[in-house]
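[1] Prediction below, plus the sequence it came from.
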Amino acid sequence: MLRNLGGIFAVTVVLLLAGCATTQPVFDVTQAPVVTNKPNPSMDDVRQAVVRAGSTLGWQMNPDRAGHVTGRLLLRTHVAVVDVDYTQNAYSIKYRESTNLDYSDGKIHRNYNGWIQNLDKAIRIQLQNL
């Protein structure tokens, strides 16, 4: 009986530790389709949607060249920087760098992935509203 309880305890500890893991593989958005109510959106339309989406979530969005916006999110001591590349037909959100988010070997603090998923959703909403 004690042997079974020890085994159950060991499995419980392992599961709890796995659930507490704070890092996950980096989530990138790759070639998400640009879906709008506007036929043939321009590059400027897509850029404006990307910038509006990020800005509504507290990202500093810098359209630094055609087809590219750099997004920067600062929360307390945490910084996330992403590249948003876009065309009239698709956009991608890629990790560039971070501070205090435990990035290592393609893994990062799980909050980062939530921020990117929120940014992706906000971009889709802004594009849909064109």
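    Done, it's in. All values derive from a computational prediction rather than experimental measurement. Numbering: from 1, shown residues only.
[2] rest of the way, CA atoms for contacts and neighbours
    OK.
[3] most centrally placed residue in this protein?
    Note on the chain: the residue nearest the mean C-alpha position is residue 116, at 1.4 Å, using C-alpha atoms, centre = their mean.
[4] Report pLDDT for that residue.
    Among the per-residue scores, residue 116 shows a pLDDT of 98.
[5] Any stretches of the chain with poor pLDDT?
    Counting by pLDDT under 70, the chain shows low-confidence ranges at 1-20.
[6] Check which helix or strand residue 64 maps to.
    Under the criterion DSSP states H and E, the helix or strand holding residue 64 is strand 60-65.
[7] go on, residue 41?
    Counting by DSSP H and E, residue 41 is part of no helix or strand.
[8] surely it meets residue 88?
    Yes: counting by C-alpha atoms under 8 Å, residue 88 is a contact partner of residue 41 at 6.2 Å.
[9] Can you give the contact residues for the helix or strand where residue 73 lies?
    Per DSSP H and E: residue 73 is located in strand 68-75. When contacts are defined by C-alpha atoms under 8 Å, 6 or more residues apart in numbering, strand 68-75 is touched by residues 47, 50-51, 54, 58-64, 79-86.
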